[in-house]
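In: 3D model of this:
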Amino acid sequence: MAVNIGGLISVIFFYLAILLAGLWAAWYGRKGRKNDPRKGQPVSSDKGQHGKMKTTDEEVDAMLAGRNIGWIIGSFTMTATWVGGGFINGTAEAIYDKQHGLVWTIAPWGYSLSLFIGGLCFAKIMRSRSYVTMLDPLQEKFGKRMGGLLYLPALVGETFWSAAILAALGSTITVILDIPNNYSVVISACIVVLYTLFGGLYSVAYTDVIQLVCMFIGLWICVPFALNNSHVQSIEVTWPEWRGELSWDRLGIWIDTALLLMFGGIPWQVYFQRVLSSRSVGRAVGLSFSGGIGCLVMAIPAVLLGAVARSVHDWTEVGYPARQPSDLNQAKLILPLVLQHLCPSMVSWVGLGAVSAAVMSSADSSILSASSMFTRNVYKQVLRPSAPQDELALVLKTSVLCVGTLATLIALSVDSVFALWVLCSDIVYVILFPNFVCCLFISSSNAYGSAAGFIVGLLLRVLGGEVSMGIPPLLHYPYFDSETGIQYFPFRTLSMTACFLTILSVSGLFNLLFQTFGVSQKFDLFKVYQESADEENEGSKQASLAHISEESI
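Out: Sure, this is the predicted structure:
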């Protein structure tokens, strides 16, 4: 197949549009704060168990766009939290796949509900305390080192999500340029990393607007042409084929996947980046709700195009070299293949260009999120507390390169965008979600419980294996299928619950030992109770000084 010149021109056009929008947003952001008298002044987040975390305006500007995101831009960028390349390509792939279908396309409504739950339960408390990253409350509650350790599951989640985006972008470029998928993933990664290095959330937010507009218009232009292609059966007739089935023996997997997407979709920096950048608490909650609605709306064209792909019984009739893309292990290319083979050339050019540009734009926020957490919560808080702002800026850029490289390697080794997409929330759901809930809502939890929960949750999850990643299961849960290696029991939810209960029980045990039985504080390795005593003494001292001052007056 020759290079699609029209598609290539379209991709270049949309890439330039995204890049110019990002550069303009970065310039606009710098111009807006150039003469800001607060520049460089420290801004403290609310006081937690381990004291205040100092924040400069440079950090807030780079990571949160100066907390100046309004309703319109905010609604677009909140929807773009999940709607990107992995979202649309993964949805279309799931609908097309015989083993999934609509019944198993859980991610669109699962992530939508996660935004609603996040808005109801988490957005208000996070924004009202003026945190900068999702790890700030974890470090305040469990200490800097334990908070730094909890960066690992956050890094895994953000990196897997970035890998899913790169894999989707590589799939689109493969169709357009007719080059091996590995090459297209590497090329796409280079573009994404270079673009991300240009700036912070200003660029991310403004390019999200173009991303969603391009994606929405581009896909809906293609939908009627694909539906009316003469080689496509009516999707009403083929409904039983792309509907999918849910048998009783797989119900546990379905429930497990739904819960991990709903609750595992909450503790993500890519989400709280938007929440914390909002101008007010009420707006942060409202934007979460608008993002949830946007997820459902943006999934509709991807579902229809996946159904169209399932309704073509012989792809050789439209110029494809096999009866089905799945025969050549190209199911993850299904969306760009539909645009390429089932739409007129001019229409497919618009669709392919818009989709590829949208995917590129959605990659920067995920990479920026992982890099921001490392720079602030690991490097600044743990490794180099006295690091100057210029050094932190260099660390942020270096982190972008490292996260982008790691995501590229993962994208090259996984066959299914959908599997990678679901796996994104897996480790976050099992380890980070219970720690996040305990941190914000359970005052008795402490670093000892967090560390024990981390170990228990990780152990149970890893021992359960992961077929899509080639990890064999070492622990066979109930209803395990030895022939396929599939765990039919909802072991992810079991692992998450075990992590949560471990945090509560171990925290309670150490509270009993140190606070009730009076165990010496020299055995307090995490310095939980030493710092609590110091804070009480400091509070008493300040109260005494205030009382003396009042008497003097």
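
In: contacts, neighbours, all on C-alpha from now
Out: OK.

In: Please provide the alpha-carbon coordinates for the helix or strand encompassing residue 336, formatted as PDB.
Out: Residue 336 is located in helix 334-341, with elements delineated by DSSP states H and E. This file holds the C-alpha atoms of helix 334-341, laid out as PDB (Å, rounded to 0.1, in the frame of the first residue of the first chain):
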ATOM      1  CA  ILE A 334      -9.600  -1.100  13.600                       C
ATOM      2  CA  LEU A 335     -10.600   2.600  14.000                       C
ATOM      3  CA  PRO A 336      -8.000   4.000  11.500                       C
ATOM      4  CA  LEU A 337      -8.700   1.000   9.200                       C
ATOM      5  CA  VAL A 338     -12.400   1.900   9.100                       C
ATOM      6  CA  LEU A 339     -11.600   5.500   8.200                       C
ATOM      7  CA  GLN A 340      -9.100   4.400   5.600                       C
ATOM      8  CA  HIS A 341     -11.200   1.700   3.800                       C
END
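
In: Please export the C-alpha coordinates of stretch 444-456 as PDB.
Out: Taking only C-alpha atoms (Å, rounded to 0.1, in the frame of the first residue of the first chain), the coordinates of stretch 444-456 have been written out as PDB:
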ATOM      1  CA  SER A 444      -6.600   7.100  62.500                       C
ATOM      2  CA  SER A 445      -4.700   5.800  59.400                       C
ATOM      3  CA  ASN A 446      -0.900   6.200  59.500                       C
ATOM      4  CA  ALA A 447       2.300   5.400  57.600                       C
ATOM      5  CA  TYR A 448       2.600   2.000  59.200                       C
ATOM      6  CA  GLY A 449      -0.800   0.900  57.900                       C
ATOM      7  CA  SER A 450      -0.100   2.500  54.500                       C
ATOM      8  CA  ALA A 451       3.200   0.600  54.100                       C
ATOM      9  CA  ALA A 452       1.600  -2.700  55.200                       C
ATOM     10  CA  GLY A 453      -1.300  -2.200  52.800                       C
ATOM     11  CA  PHE A 454       1.000  -1.400  50.000                       C
ATOM     12  CA  ILE A 455       2.800  -4.700  50.400                       C
ATOM     13  CA  VAL A 456      -0.300  -6.800  50.800                       C
END
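
In: Give me the buried stretch members for that stretch, please.
Out: Within stretch 444-456, the residues scored as buried using 16 or more other Cα atoms under 10 Å are 445-454, 456.

In: and which of these is nearest residue 208?
Out: Distance to residue 208 across the buried residues of stretch 444-456 (Cα to Cα) is lowest for residue 454, with 34.2 Å.

In: what's the pLDDT at residue 171?
Out: Confidence per residue is given as pLDDT, and for residue 171 that number is 68.

In: ok, now residue 202?
Out: We note a pLDDT of 67 for residue 202 in this prediction.

In: mind listing the helices for the stretch 451-553 of the chain?
Out: In the stretch 451-553 of the chain, the helices defined using DSSP state H, counting those that start in this stretch lie at 491-511, 528-552.

In: Pick out the shakiest of those helices, pLDDT-wise.
Out: Ranked by mean pLDDT, these end with helix 528-552 in last place, scoring a mean of 54.

In: picking that back up, mind checking how far the helix holding residue 336 is from the chain centre?
Out: Distance, stretch centre to chain centre, for helix 334-341: 26 Å (Cα atoms, centre = their mean, to the nearest Å).

In: could you say what helices and strands it packs with?
Out: Packing partners of helix 334-341 (3 or more Cα pairs under 8 Å, 6 or more residues apart in numbering; DSSP states H and E): helix 85-96, helix 151-177, helix 201-227, helix 281-310, helix 345-373.

In: Dump those into TSV; add mean neighbour count and distance to residue 513 as well.
Out: As requested, the helices and strands packed on helix 334-341 are arranged in TSV below (neighbours: other Cα atoms under 10 Å; distance: least, Cα to Cα, whole Å):
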stretch	mean neighbour count	distance to residue 513
helix 85-96	31	48
helix 151-177	27	28
helix 201-227	23	45
helix 281-310	24	39
helix 345-373	27	33
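
In: As a markdown table, those helices with distance to residue 238 would be great.
Out: What follows is the helices and strands packed on helix 334-341, written out as a markdown table (distance: least, Cα to Cα, whole Å):
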| stretch | distance to residue 238 |
| --- | --- |
| helix 85-96 | 11 |
| helix 151-177 | 26 |
| helix 201-227 | 12 |
| helix 281-310 | 8 |
| helix 345-373 | 24 |
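
In: In contact with the spatially closest residue to residue 255 that is not a sequence neighbour: list those residues for me.
Out: Spatially, and ignoring its direct neighbours in sequence, residue 255 is nearest to residue 490 (7.0 Å; Cα to Cα, 6 or more residues apart in numbering). By Cα atoms under 8 Å, 6 or more residues apart in numbering, the contact list for residue 490 reads 252-253, 255-256.

In: switch the cut-off to 10 Å
Out: Neighbouring residues of residue 490 by Cα atoms under 10 Å, 6 or more residues apart in numbering: 250-257, 259, 477-479.

In: So which of those residues belong to strands?
Out: In strands, judged by DSSP state E, none of the contacts of residue 490 are found.
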